[in-house]
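J.: below is the structure, and that's it, no one-letter string:
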């Protein structure tokens, strides 16, 4: 089985970018509504030094 065939087909990938405190609030809201959501750690934004980006893999409940 290849890595490609192991991918879950029931996931949506979401990227949240903005000021750290707003991103935290949005990620908290998403993970509260969808407990299976799996957020990454915050990464610095490539376009705005004051922003961060977080990636989430989200599956419908």
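T.: All right, it came through fine. These figures come from a predicted structure and were not determined experimentally. Numbering: from 1, shown residues only.

J.: confirm that residue 50 lies within a strand, as I assumed.
T.: No: Residue 50: not assigned to a strand; according to DSSP: H, G, I helix; E, B strand; the rest coil it is coil.

J.: isn't it right up against residue 19?
T.: Yes: applying Cβ atoms under 8 Å, one finds residue 50 in contact with residue 19, separated by 6.4 Å. Placement of C-beta: from N, CA and C, glycine included.

J.: so the two - more neighbours on which side?
T.: residue 19 (13 against 9; other Cβ atoms under 10 Å).

J.: how close does that one get to residue 51?
T.: 6 Å (Cβ to Cβ, to the nearest Å).

J.: now residue 35, nearest residue through space, not along the chain?
T.: Sequence neighbours aside, residue 61 is the residue nearest to residue 35 in space, at 7.6 Å (criterion: Cβ to Cβ, 6 or more residues apart in numbering).

J.: pLDDT wise, what is the one you found at?
T.: On pLDDT, residue 61 comes in at 70.

J.: in space, what's closest to residue 38 - neighbours in sequence excluded?
T.: Per Cβ to Cβ, 6+ apart, closest to residue 38 is residue 57, 4.7 Å.

J.: give me every residue that touches the residue lying closest to residue 12 once chain neighbours are set aside.
T.: Closest residue to residue 12 apart from its sequence neighbours, by Cβ to Cβ, 6+ apart: residue 58 at 5.0 Å. Taking Cβ atoms under 8 Å, 6 or more residues apart in numbering as the criterion, residue 58 is in contact with 11-14, 30, 34, 36-38.

J.: separation between residue 58 and residue 18?
T.: For residue 58, the distance to residue 18 equals 18 Å [Cβ to Cβ].

J.: which among the contacts of residue 58 gets closest to residue 45?
T.: In terms of Cβ to Cβ, no member of these lies closer to residue 45 than residue 14, at 15.5 Å.
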